[in-house]
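1. got a predicted structure here, sequence first:
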Amino acid sequence: LTCDTLEKVGSALGILRTKDVFSFDIKTTSKNFLTGEIISIAFSYQENTGFVVPFYRNKQKLFRQEDESAIWEDLKLIFAGSQTKIAHNVNFKALFFKKIGIEIALPVYDTMLMHHLLDENSNQKGDRELDTLAYRYTDMGGYTKPLDKYKEDMLSAPFDKICAYNCADGDCTLRLYSFF
């Protein structure tokens, strides 16, 4: 589900507040949290289920500044809550969140670190990447292929593809957490 209106965002976040466990993932304009911005954030609380809150469409901001700020305030409360939060490479996401004033309260699980504990000798380049682990531990292998050519410039990706990709990352992260 793509939450591209305030009503859809409010409804989806209302459901998320009722869940004990959820995974999340972000897409960014850069790997550098100092200069990059969050393009979208996705959540999953059940396998094959997820939603994405996009902040850009066709390289343009999707929401007015005050509406986007209200969404981030809602998210700040959710991330401060006692629910179990799961991400792949949570440190990367935490740096972007910290820049906008969001702290991720415990409990937090990182599927990248969980995989390291499962297989500490797996140290080839890319072994701990989410798409690599999707092939190895889930039935989602290959879901990233439609966006491979946009990895360095996610803002140029077609809106529907980036939303689907971000949602799939959230779903895959939740599946890995369940597996590990």
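-> Noted; the coordinates are in hand. Note that the structure is predicted; figures quoted are calculated from it, not measured.
2. going forward, measure contacts between C-alpha atoms and count neighbours the same way
-> Noted.
3. secondary structure class for Tyr45?
-> Using DSSP: H, G, I helix; E, B strand; the rest coil, the structure places Tyr45 in strand.
4. that one touches Ile15, doesn't it?
-> No: between Tyr45 and Ile15 there is no contact under Cα atoms under 8 Å: 9.6 Å.
5. so for those two, which sits in the more crowded spot?
-> More crowded of Tyr45 and Ile15, by other Cα atoms under 10 Å: Tyr45, with 22 against 10.
6. how much space between the more buried one and Asp67?
-> According to Cα to Cα, to the nearest Å, Tyr45 and Asp67 sit 25 Å apart.
7. and Asp153, by the same measure?
-> Distance from Asp153 to Asp67, by Cα to Cα: 25 Å.
8. now swap in Asp110 and tell me
-> As judged by Cα to Cα, Asp110 and Asp67 stand 30 Å apart.
9. secondary structure class for the residue nearest to the spatial centre of the chain?
-> Among the residues of the chain, the one closest to the centroid is Asp25, at 0.9 Å (Cα atoms, centre = their mean). Three-state call for Asp25 (three-state DSSP): strand.
10. just checking, what packs against the biggest helix by length in the chain?
-> Scanning the chain for the helix with the most residues, using DSSP state H, yields helix 159-179. Contacts defined by 3 or more Cα pairs under 8 Å, 6 or more residues apart in numbering; DSSP states H and E place helix 159-179 against strand 21-28, strand 38-46, strand 49-54, strand 84-87, helix 111-118, helix 130-137.
11. phi first, then psi, for Glu152.
-> When read as degrees, to the nearest 10, the backbone of Glu152 gives phi -90, psi -10.
12. and it, what is it in contact with?
-> Ser30 (Cα atoms under 8 Å, 6 or more residues apart in numbering).
13. just Phe92 next, same as before
-> Contact analysis of Phe92 by Cα under 8 Å, 6+ apart lists Phe33.
14. swap in the one 10 residues further on?
-> For Ile102, the contact set (Cα under 8 Å, 6+ apart) comprises 75-76, 79-80, 94.
15. list buried residues within those residues.
-> Buried residues within the contacts of Ile102, counting neighbours by 16 or more other Cα atoms under 10 Å: 75-76, 79, 94.
16. need those in JSON lines (columns: secondary structure, distance to Leu117 and pLDDT).
-> Below are the buried ones among the contacts of Ile102 laid out as JSON lines (DSSP: H, G, I helix; E, B strand; the rest coil; distance: Cα to Cα, whole Å; pLDDT from 0 to 100):
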{"residue": "Leu75", "secondary structure": "helix", "distance to Leu117": "30", "pLDDT": "98"}
{"residue": "Lys76", "secondary structure": "helix", "distance to Leu117": "30", "pLDDT": "98"}
{"residue": "Phe79", "secondary structure": "helix", "distance to Leu117": "25", "pLDDT": "98"}
{"residue": "Ala94", "secondary structure": "helix", "distance to Leu117": "21", "pLDDT": "98"}
